[in-house]
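Chemist: Show me how the following folds:
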Amino acid sequence: MYRTGLFFRMDVYIVHIFAYGAHMTSRDRILNAARAIFSHKGLEGISVRNVAARAGLSPMAMYRHFKDKDALLDALILDGFDKWER
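Modeler: Numbers count the residues shown, from 1 in each chain. Coordinates of the predicted model:
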């Protein structure tokens, strides 16, 4: 059966919700996605589009939580320091 882009995207969105859990905020999903991309592809692999796709969000949704890519990277670093200090 042929699926249109809308149905495919909804399926992907549902899978991401299941994978990340309904209790996670969008910001947490973004940080987890950025962390996973960084661990596999390094800093060069992190882009707004890549992170948004991995988090199951649109690229524009990222800007609700982070001003730009640098702000995302700053939050990722601070999150890492917080976890390291615990």
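Chemist: Let's test this: name the helix or strand in this protein with the lowest mean pLDDT.
Modeler: helix 5-20 (a mean of 47; mean pLDDT, DSSP states H and E).
Chemist: name the helices or strands packed onto the helix or strand following that one?
Modeler: Sequence order places helix 26-41 as the next helix or strand after helix 5-20, per DSSP states H and E. Contact here means 3 or more C-beta pairs under 8 Å, 6 or more residues apart in numbering; DSSP states H and E; on that basis helix 26-41 packs against helix 5-20, helix 48-55, helix 69-85. All C-beta atoms are positioned from the backbone trio N, CA, C, and that covers glycine.
Chemist: Looks like Ala61 contacts Ala52 (just checking).
Modeler: Yes. Counting by C-beta atoms under 8 Å, Ala61 touches Ala52, with 6.5 Å between them.
Chemist: And the two? Which one has more around it.
Modeler: More crowded of Ala61 and Ala52, by other C-beta atoms under 10 Å: Ala52, with 20 against 15.
Chemist: Quick check: pLDDT value at that one.
Modeler: pLDDT recorded at Ala52 is 95.
Chemist: Distance-wise, check the closest residue to it other than its chain neighbours relative to Leu43.
Modeler: Leaving out its chain neighbours, the residue that sits closest to Ala52 by C-beta to C-beta, 6 or more residues apart in numbering is Pro59, at 4.4 Å. According to C-beta to C-beta, to the nearest Å, Pro59 and Leu43 sit 18 Å apart.
Chemist: More neighbours: the two, which one.
Modeler: Neighbours of Pro59 and Leu43, each counted by other C-beta under 10 Å, are more numerous for Pro59; the result is 13 against 9.
Chemist: Please consider this matter closed, and thank you.
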